[in-house]
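Chemist: coords please:
(one chain, ligands or ions: 1)
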Amino acid sequence: DDAQALLALKSSIDVFNKLPWQSGGGNVCNWVGVKDCLNGRVSKLVLEYFNLTGSLDPIILNRLDQLRVLSFKGNSLSGQLPDLSGLVNLKSIFLNDNNFSGVFPATISVLHRMKVIVLSGNRISGEIPPSLMNLRRLYVLYLEDNLLTGPIPPFNQTGLRYLNVSNNQLSGEIPVTAALVHFNTSSFSGNPRLCGEQIGNPCGSKAPPPSISPSYPVIIPNKPQGSSNRTKLIKIIAGSVGGFLLLLICLLLLWFVCRNRREDKGSSTAGAMRRSKGVNSVEGGEEGGSGGNNGSGMEGNNGGKQGGFSWEGEGLGSLVFLGAGNREMSYSLEDLLKASAETLGRGSMGSTYKAVMESGFIVTVKRLKDSRYPRLEEFRRQMELLGKLRHPNLVPLRAYFQAKEERLLVYDYFPNGSLFSLIHGSKPSGGGKPLHWTSCLKIAEDLATGLLYIHQNPGLTHGNLKSSNVLLGSDFESCLTDYGLTMLLNPDSPEEPSATSLFYRAPERRSILKPPTQPADVYSFGVLILELLTGKTPFQDLVQEYGSDIPRWVRSVREEETEAGDEPASGNEASEEKLQALLNIAMACVALVPENRPTMREVLKMIRDARAESQVSSNSSDHSPGRWSDTVQSLPREEHLSI
Ligand SMILES: Nc1ncnc2c1ncn2[C@@H]1O[C@H](COP(=O)(O)OP(=O)(O)OP(=O)(O)O)[C@@H](O)[C@H]1O
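Modeler: Purely as a prediction, here's the structure:
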């Protein structure tokens, strides 16, 4: 039935034939976009960025009544938001970044299991239905960048942790409820008719702006005709003068750039880059260097160049090598600028590229989104600190580049991919597979060793631990990357974490501006272990969802895979012990109260004990109850067990 429903869905919205679904196409659970099934029924459908068009037919969608997660993010779907009241199991819905219009359907409020509603970036109008207050489990409500009007309902769900209604046309007072008081300006900004303490515009001082409700049209009194004509004339004259000046500036700039290019051709590129001898840094000339143009895939920030790291005309730029050794000094700024670049991905900090130099030497370059925050001194200090870190389980930061409008970080390139692709496959459609417990233990030990090394520096944290930030080294050892970079995020322009990153974060860190801590890293580590054991991305808050049932959930997921004949996930006493060991460690790490979590030193000890035990038990039939698990048991865990 689900296959039929999906095919009907395809024929209604996939005019460009992006979804390779067809009748007789085998088990529907393996179809592209079907991320999870329960008892053979589709439970997670993620169709993001498939260029889907047209409107969603509620009759078709409601046939998929076992759905828990539904995402159509980043398509071009339009029309009214569908009535999904038949999807009684739905917990998370992502319809953001489409062209949906019409009013917000109040029927969504009958979906009592609903936790995550993301409708941002559409043209949805009308009021936010007050009936959303009935969704007791609501956790994330993102409605920003729409055309919503009227007041914000007085949400009182204490579990509501993420709210964004910015950039709409909402009006009236932001209700002062326990659930809403802790959201700040970024949740409400861009609604000029809204008032409240949270946005620094208290309602008391002046009468609150009138609320515009679609049912009461607002009548704007006519201005006297004469004054309006004069204003128009002034506007026209000012516009023309402004336009003329802008044109003049553009022509001057064009002339300036052309002249520089001619001069550059006359001198060698090497001449334009001065290599400062004796100092561990290579500096760009005053006029900047012009990048090579022989690659593809990357657009320069300035001038829109393809395929090289260019920062023409931006003043002094310097490439500073970090750490010691010859390998990292075997290229210069010029080589890096001429390298061809291929995009590896875009993340919260910026874009990441594989840069292949003319010599064939490959590095990974992270181009930071914000090249001005923090101030230069602080940025340098952090780079020097991170550059000193050298450990077999860390991806080394080799160099950084700093110019006026550009900051690049240079890391070793890791061709074996990430832990994310190991677990979930490289295709976006790839379903995750739980790993064998021996692999889980080995990876856990690598990660814990790397993380402990970071934590040995007082106050230093990873801050963004997740499976795509773990790369596989030449012996398939796990290496942490992107460590210590959260301090480069500008608190004045905070970005919401993506749905997946969100649930790696410790509960106390989920408010955007909360700084990273070492116990929060321990929590993320626990989530990562659960991902290894189940092959599931943390698409939801596992602790809130399953609480003390996490071990049962992990077992049931692994058993399903065993039934599918994939691997001996359990089934003998030794496996069962190891699984229990890892589960205990993960459970200790995801304790809700940070003080109840073990330190990384304790975690590493538990993992090493479990590994040692597994070697002993593989040589002997004596499986005495786990010594290591006693260690874990002795850690305070009441908090997470009491959920
Ligand atoms: N040194 C590297 N070698 C090979 N691949 C890398 C390297 N560093 C990162 N990648 C891969 O590049 C992709 C993009 O990484 P990036 O850090 O930009 O985004 P992310 O990890 O998805 O998100 P975030 O910015 O939150 O860490 C990821 O798939 C990552 O595994």
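Chemist: So the residue in the stretch 1-150 of the chain that the ligand sits nearest to, which state does it fall into?
Modeler: Nearest residue of the stretch 1-150 of the chain to the ligand: Glu48, at 14.1 Å (CB to the nearest ligand atom). The C-beta positions use only the backbone N, C-alpha and C, and glycine is treated the same way. Counting by DSSP: H, G, I helix; E, B strand; the rest coil, the backbone at Glu48 sits in coil.
Chemist: any idea how far it is from Phe72?
Modeler: According to CB to CB, to the nearest Å, Glu48 and Phe72 sit 7 Å apart.
Chemist: who touches both of these two?
Modeler: Residues touching both Glu48 and Phe72 (CB atoms under 8 Å, 6 or more residues apart in numbering) are Phe94.
Chemist: These two: who's more crowded?
Modeler: Using other CB atoms under 10 Å, the more surrounded residue of Glu48 and Phe72 is Phe72, with 25 against 15.
Chemist: and the more buried one, what pLDDT?
Modeler: With respect to pLDDT, Phe72 scores 94.
Chemist: who's in contact with it?
Modeler: Phe72 neighbours (CB under 8 Å, 6+ apart): Leu47, Glu48, Leu52, Leu56, Phe94, Leu95, Asn98.
Chemist: least confident pick among those?
Modeler: Lowest confidence among these: Glu48, with 89.
Chemist: so that residue touches Lys73, yeah?
Modeler: Yes - contact criterion CB atoms under 8 Å: Glu48 and Lys73 qualify, at 4.4 Å.
Chemist: which residues do these two both contact?
Modeler: The contact lists of Glu48 and Lys73 share Phe94, where a contact means CB under 8 Å, 6+ apart.
Chemist: Would you mind listing what in this structure touches the ligand?
Modeler: Proximity of the chain to the ligand, by CB under 6 Å from any ligand atom, involves residues 344-349, 352, 364, 395, 411, 413-414, 418, 464, 468-469, 471, 481-482, 501.
Chemist: If we use 5 Å, what do you get?
Modeler: 344-345, 347-349, 352, 364, 411, 413-414, 418, 468-469, 482 (CB under 5 Å from any ligand atom).
Chemist: For the residue in the stretch 201-350 of the chain positioned nearest to the ligand, give me its contacts.
Modeler: The nearest approach of the stretch 201-350 of the chain to the ligand comes at Gly347, 2.0 Å away (CB to the nearest ligand atom). The contact partners of Gly347, taken as CB under 8 Å, 6+ apart, are Ser468, Asp482.
Chemist: so how far is Gly190 from it?
Modeler: From Gly347 to Gly190 the distance is 25 Å (CB to CB).
Chemist: Could I get the full set of strands for the stretch 351-500 of the chain?
Modeler: With strands called from DSSP state E, counting those that start in this stretch, the stretch 351-500 of the chain shows them at 362-368, 397-403, 406-412, 470-472, 478-480.
Chemist: in the stretch 101-250 of the chain, what spans have low per-residue confidence?
Modeler: 205-239, 250 (pLDDT under 70).
Chemist: The stretch 451-600 of the chain now?
Modeler: Using pLDDT under 70, the stretch 451-600 of the chain drops low at 494-497, 499-500, 512-513, 561-574.
Chemist: Now it against the ligand: closest residue?
Modeler: Closest point on the stretch 451-600 of the chain to the ligand, by CB to the nearest ligand atom, is Ser468, at 3.9 Å.
Chemist: does that residue really touch Leu422, like I thought?
Modeler: No - counting by CB under 8 Å, Ser468 sits too far from Leu422 to count as a contact (10.7 Å).
Chemist: middle-most residue in the chain, spatially?
Modeler: Centroid-nearest residue in the chain, with CA atoms, centre = their mean: Ser498, separated by 3.6 Å.
Chemist: Now the phi/psi pair for the closest residue to Ile585 other than its chain neighbours, please.
Modeler: Distances taken as CB to CB, 6 or more residues apart in numbering place Met606 nearest to Ile585, at 5.2 Å, with adjacent residues excluded. Geometry field for Met606 lists phi and psi as phi -60, psi -40, criterion degrees, to the nearest 10.
Chemist: what's the burial count for Met606?
Modeler: The burial count for Met606: 25, using other CB under 10 Å.
Chemist: Use 86 as the first number for this chain going forward.
Modeler: Shifting the count to begin at 86 puts that one at Met691.
Chemist: Tell me how many other residues surround Asp634.
Modeler: By other CB under 10 Å, neighbour count at Asp634 equals 12.
Chemist: coming back round to it: in contact with the residue nearest to the centre of the chain, which residues?
Modeler: Ser583 sits next to Ser433 when contact means CB under 8 Å, 6+ apart.
Chemist: at 10 Å instead, please
Modeler: If you count contacts by CB atoms under 10 Å, 6 or more residues apart in numbering, Ser583 has them with Gly432, Ser433, Lys551.
Chemist: and stretch 229-245, how far apart are its ends?
Modeler: 16 Å (CA to CA, to the nearest Å).
Chemist: can you pull the buried residues of that stretch?
Modeler: Under the neighbour-count criterion of 16 or more other CB atoms under 10 Å, stretch 229-245 has Glu229, Asp230, Asn231, Leu233, Thr234, Gly235, Pro236, Ile237, Pro238, Phe240, Gln242, Leu245 buried.
Chemist: and if you look at stretch 667-685?
Modeler: Result for stretch 667-685 [16+ other CB under 10 Å]: buried residues 667-677, 679, 681-683, 685.
Chemist: Just those: which are in helices?
Modeler: Among these, the ones falling in helices (DSSP state H) are Leu667, Leu668, Asn669, Ile670, Ala671, Met672, Ala673, Cys674, Met685.
Chemist: roughly how far apart are Lys489 and Arg457?
Modeler: 9 Å.
Chemist: Looking at these two, which is more packed in?
Modeler: Taking neighbours as other CB under 10 Å, Lys489 and Arg457 compare with Lys489 leading, 15 against 12.
Chemist: Fine by me, we can end here.
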